[in-house]
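K.L.:
below is the sequence, then the predicted model.
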Amino acid sequence: MNFYFISYNFILFTNLFLCDKIIVVKTRYLKFTESDLHTAGELIRAGELVGFPTETVYGLGADALNESAVRKTYVAKGRPSDNPLIVHIFDKSQIYDVASDVSPLAQIVIERVMPAPITVVLPKKPVIKGIVTAGLPSVAIRMPQSDEARRFLRAAATPVSAPSANISGRPSPTTWQRVKEDMDGKIAAVLCGEPCKVGIESTVLDLSRDEPVVLRPGAISAEFLSELLGVEVKVLTDPSSKVNSPGVRYKHYAPNVPMVLELDGDADKLCAFYDARLAEGYKPVLWVQRPMLFGGRRAVGMGANDMEAAANLFETMRMLEARYNYIIASFCWRGGTSFDGPASRGVLDRLMRACGHNII
Ligand code: TXA
Ligand code: MG
C-alpha cells in the first residue's frame, strides 16, 4: 500500500513513467511568455533537454557544462557519440569561457558576423568536456541571430549544447510541430516559437587550424567569408579528409522514401524518369525549381531562389515523404540563375545527402 502511494506521488511529481526500461517523459509545450521561459531555463539547469527555435533549425538544448545532461541528447536523438555538438551562447563574452584561443581571424568573424547562422570551431577550454566535442580538442560555438533563441539562452544562463532536434538521420525540424513528431515523450519540453527563417543548419567554419575551412556549408557563404577575412576560405569537399567535421560523414536529412537528384534542370530527363517510376507503380513527385514545366505531372516548387529553397527545404521534404513514395529532385545552381546565391551550396549539400548521393 505504502509502495503504491509513494510511486503514485513520484509519477505525479516528475511526470516520469518507466516502461520496458525506456524512460517516457510527458513533454511540456511552452510558449515565449516570461514564466514559460523561466521554466525552460530551470529545466536546462536541472539537466533536462529542451527543444527551442533558432533562425536555422530547431535545436535540442542541454546544459553544455553538465555531462549527464549532454549524454541524454545522444540517447534522445539516437545519435552516434563520435559526432560532436555545437555550444550555443547569447553573449559574445561567453566565447572566452569555452574557447582557449581566439585567433585574429576568429575575432573578425565574432565582431563582424556574429550573431548569425554561423558556427566557429576554436580550441576548447577544459570546462567543455569530451562528451560535447566527441573527444576533439576543439569546440564549435554559435550565437544565434534569432531573438527567440537568444531569449531562451539567456534564461538558461549557461552555455547550451544543441544538435538539430530531429531523430538522427531524419530531416532537421524547422517548426515546433516537427520537433514534436520526433521528440515527443523523449524530452522535458519544447519552446514553441516561429518557423525557422533560414531553414538549413549554420555554416560550420573551422578556425582552429592554420587555414580557415568551411566544414558544413550554410547561409553564410565561403565567398563572403573569404572577402571578409582577406584569405581564401576553402570548403571541405572530401568527407573522408582529416580536416573534418565528423557530422559530414553520416547519411543525413534523409526522407523515408526513395529520392534521386538531377543537377542540370533537364526537363525531358526528369519527365522520362517520372514516367518510368509511375509505370513501376510508384506515386512519384518532381521537386523542382520551375514546376510549371512538367505538364500534368505532380510537381512541387522549391521557391523563387536559393534562400527560399533553403527556408522551405526540410519542411517540404517531410511533406513530400508523407504524400508520395518517390521523390525526384532537381537543383541547377550555377550559371547566373536566381538559385546562384549564398545559400546554394548549402541547399545542394543537403539535397545530396538526402538522396544518398544518388544522382541521375
Ligand atoms: O544551425 C545549426 O547549427 C543547428 C542549430 C540548432 O544551431 N545545429 C546543428 O547541430 O545543426 P548538429 O549537431 O545537427 O550539427 C553540428 C555540426 C556537425 O556537423 C558536427 O560534426 C559539427 O557541427 N561540429 C561540432 N563540433 C565540432 C568540432 N569541434 N569540430 C568540427 N566539427 C564540429
Ligand atoms: Mg543535425
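P.N.:
Right, received. Where do you want to start? Ligands and ions are numbered 1, 2, ... in the order given.
K.L.:
now residue 302: how far from ligand 1?
P.N.:
Here residue 302 is placed at a distance of 20 Å from ligand 1 (Cβ to the nearest ligand atom, to the nearest Å). Heads up, the C-betas are built off the backbone N, CA and C, glycines and all.
K.L.:
hang on, isn't that residue packed against residue 331?
P.N.:
Yes. Residue 302 is in contact with residue 331 according to Cβ atoms under 8 Å; the separation is 7.3 Å.
K.L.:
okay, and the common contacts of those two?
P.N.:
By Cβ atoms under 8 Å, 6 or more residues apart in numbering, residue 302 and residue 331 have these common neighbours: 289, 309, 339, 347.
K.L.:
low pLDDT regions in the stretch 1-150 of the chain?
P.N.:
For the stretch 1-150 of the chain, applying pLDDT under 70 flags the ranges 1-23.
K.L.:
ok, and what's touching stretch 201-210?
P.N.:
56-57, 86, 103, 105-106, 109, 117-123, 137-138, 140, 142, 164, 172, 212-222, 225, 233, 243, 245, 346.
K.L.:
now, which of those residues lie close to ligand 1?
P.N.:
For ligand 1, the contacts drawn from these by Cβ under 6 Å from any ligand atom are 56-57, 86, 119, 121, 138, 140, 142, 164, 215-216, 245.
K.L.:
what's the most distant pair in those residues?
P.N.:
Among those, the pair separated by the greatest distance (Cβ to Cβ) is 57 and 138, at 22.0 Å.
K.L.:
between these two, which is the more surrounded one?
P.N.:
residue 57 (27 against 20; other Cβ atoms under 10 Å).
K.L.:
that one and residue 314 touch, don't they?
P.N.:
Yes. Counting by Cβ under 8 Å, residue 314 is a contact partner of residue 57 at 7.0 Å.
K.L.:
anything in contact with each of the two?
P.N.:
Here residue 57 and residue 314 share the contacting residues 172-174, 199-200, scored by Cβ under 8 Å, 6+ apart.
K.L.:
mind picking the two most distant members of the residues you listed?
P.N.:
Across the shared contacts of residue 57 and residue 314, the longest distance by Cβ to Cβ is 12.2 Å; it joins 173 and 200.
K.L.:
quickly list what's touching both of those two.
P.N.:
Joint contacts of residue 173 and residue 200 (Cβ under 8 Å, 6+ apart) are 57, 314.
K.L.:
could you look up the SS state of the closest residue in space to residue 331 that isn't next to it in sequence?
P.N.:
Nearest non-adjacent residue to residue 331, counting by Cβ to Cβ, 6 or more residues apart in numbering: residue 351, 5.4 Å away. When classified by DSSP: H, G, I helix; E, B strand; the rest coil, residue 351 comes out as helix.
K.L.:
tell me the pLDDT at residue 351?
P.N.:
At residue 351, the predicted lDDT confidence score is 95.
K.L.:
enumerate every residue touching it.
P.N.:
Contacts for residue 351 (Cβ under 8 Å, 6+ apart) come out as 261, 313, 329, 331.
K.L.:
of all these, which two lie farthest apart?
P.N.:
Maximum pairwise distance in those, criterion Cβ to Cβ, is 12.7 Å, between 261 and 313.
K.L.:
go through the shared contacts of residue 57 and residue 314 and say which is closest to ligand 1.
P.N.:
Within the shared contacts of residue 57 and residue 314, distances to ligand 1 taken as Cβ to the nearest ligand atom reach their minimum at residue 172, with 6.7 Å.
K.L.:
so the closest one is in which element?
P.N.:
Of the helices and strands defined by DSSP states H and E, none includes residue 172.
K.L.:
the one 10 residues further on now?
P.N.:
Per DSSP H and E, residue 182 falls inside helix 176-183.
K.L.:
what's the mean pLDDT across that helix?
P.N.:
On average, helix 176-183 scores 97.
K.L.:
what of stretch 207-216?
P.N.:
According to the model, stretch 207-216 has a mean pLDDT of 95.
K.L.:
now it: buried residues?
P.N.:
By neighbour count on 16 or more other Cβ atoms under 10 Å, the buried set for stretch 207-216 is 207-208, 212-216.
K.L.:
and the two most separated of those residues?
P.N.:
Going by Cβ to Cβ, the pair spanning those furthest: 208 and 216, at 14.7 Å.
K.L.:
if we can go back for a sec, I'd like to know how far the residue nearest to residue 331 sits from residue 57.
P.N.:
For residue 351, the distance to residue 57 equals 16 Å [Cβ to Cβ, to the nearest Å].
K.L.:
and for residue 75?
P.N.:
Remark: distance between residue 75 and residue 57 (Cβ to Cβ) = 20 Å.
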